[in-house]
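> next one to model:
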Amino acid sequence: MKSKISLLSLLLFLSLSIISCNTAHDKINQVSEKVGQAGGEVIKSVTTGVDKAFEIKIELSENLKSQGIELGKISLANDSTGTDNKVIVYIISKKDFKGTVFMRAFDNRGLEMGRVKLNLDMEKEEAKFIDFCFDSRTNIDTDSKLTIE
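Sure thing, here's the model as predicted:
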């Protein structure tokens, strides 16, 4: 009888231990999931902040705007020497456009440091990526000012 009670006690203890472990395991999984979500949110926020800090802005002249030219995505790339001197612009034409455009780069003091001249020929509602490749000595920084005229 005593061995049956001991056996029952042992089974009860093991059952409670298993239930306890499963509950702890579930809690650990829940906490891990929350930590993972929080970490993911932090990484996303940091990435968004970095993207905004390195966002390239271009001023489009009023003349080009009135001729139906609009800008889409803008990105910065480098040449084989590692200099950030290539500006890639998605240009949208709301009207037929044929003409010469200039992109000018200015440093943080407002001094011109580069200029690119391109002949642009676009039909109404056409859109495409255009590469403005500056001299390899023109290094475009996030505080640089860019214009298209």
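> how close does residue 70 get to residue 117?
From residue 70 over to residue 117 the distance is 20 Å, taken as Cβ to Cβ, to the nearest Å. Every C-beta, even on glycine, is put in place using the N, C-alpha and C of the backbone.
> what domains does the record give for the protein?
1-53, 58-148 (automatic domain parsing).
> where does this structure have low pLDDT?
Low-confidence segments of the chain (pLDDT under 70): 1-25, 27-28, 31-32, 34-54.
> any idea where the strands of it begin and end?
Here the chain has its strands, by DSSP state E, at 58-60, 69-78, 84-93, 97-106, 112-122, 126-133, 145-148.
> which among these is found nearest to residue 29?
Residue 29 sits nearest to strand 69-78 of all those, at 40.3 Å, using Cβ to Cβ.
> mind listing what's buried along that closest one?
By 16 or more other Cβ atoms under 10 Å, the buried positions in strand 69-78 come out as 69, 71, 76.
> can you check stretch 133-142 too?
133-134, 138-140.
> roughly how far does residue 64 sit from residue 91?
For residue 64 relative to residue 91 (Cβ to Cβ), the value is 9 Å.
> JSON lines please, covering the strands of the chain and showing distance to residue 33.
Formatted as JSON lines, the strands of the chain follow (distance: least, Cβ to Cβ, whole Å):
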{"stretch": "strand 58-60", "distance to residue 33": "42"}
{"stretch": "strand 69-78", "distance to residue 33": "35"}
{"stretch": "strand 84-93", "distance to residue 33": "39"}
{"stretch": "strand 97-106", "distance to residue 33": "47"}
{"stretch": "strand 112-122", "distance to residue 33": "50"}
{"stretch": "strand 126-133", "distance to residue 33": "41"}
{"stretch": "strand 145-148", "distance to residue 33": "44"}
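> nearest approach to residue 26 belongs to which of the ones you listed?
Nearest of the strands of the chain to residue 26, taken as Cβ to Cβ: strand 69-78 at 45.0 Å.
> residues touching that closest one, excluding its own?
With contact meaning Cβ atoms under 8 Å, 6 or more residues apart in numbering, strand 69-78 is reached by 54, 56-58, 60, 84-94, 97, 127, 140, 148.
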